[in-house]
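A.B. asks: Provided below for reference: sequence and predicted model.
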Amino acid sequence: MKINVTFDMTPEEFRKVLGLPEVHEFQQEFFNTVLEKMKSGEEGYDPVSLYQPMFNESMNAVSQFQNMMFKLMAGQGGSEKK
């Protein structure tokens with residue numbers, strides 16, 4: 001037996017149903033603050049400094065994925081037989 005249930009609601013309505021907080025105003029205020037600091041040239045708020053942590057993490061993820069693929073191709077998939 002297969003049962004499908006469909007809810008036709010907006011993301012805002014879905015958040016309310018789940019009891020999640022409304023964060024739109026906070027996100028907009030935070031974005032405006034960061035944008036003001038970027039425009040004024042405050043130290044640490046240039047685009048490179050803001051995105052550097054994400055670049056580092058994404059490169060680590062790529063590196064880990066490559067290592068996993070190399071191990072799989074070499075037959076070292078992790079399921080060692082004793």
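C.D. replies: That came in fine, so what should we check first?

A.B. asks: please enumerate the helices of this structure.
C.D. replies: Counting by DSSP state H, the chain has helices at residues 11-18, 24-40, 47-73.

A.B. asks: any chance of the ones you listed in a markdown table, with mean neighbour count too?
C.D. replies: Any C-beta I mention is one placed from the backbone N, CA and C, and that applies to glycine too. Supplementary listing: the helices of the chain in a markdown table, determined by neighbours: other C-beta atoms under 10 Å:
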| stretch | mean neighbour count |
| --- | --- |
| helix 11-18 | 11 |
| helix 24-40 | 11 |
| helix 47-73 | 10 |
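
A.B. asks: any chance of those in TSV, plus distance to Met1 and mean pLDDT?
C.D. replies: Converted to TSV, the helices of the chain look like this (distance: least, C-beta to C-beta, whole Å; pLDDT from 0 to 100):
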stretch	distance to Met1	mean pLDDT
helix 11-18	26	90
helix 24-40	40	90
helix 47-73	39	83
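
A.B. asks: can you lay out those as TSV showing distance to Asn4?
C.D. replies: Listed next are the helices of the chain as TSV, based on distance: least, C-beta to C-beta, whole Å:
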stretch	distance to Asn4
helix 11-18	17
helix 24-40	31
helix 47-73	35
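
A.B. asks: wait, which of these is closest to Val5?
C.D. replies: helix 11-18 (13.3 Å; C-beta to C-beta).
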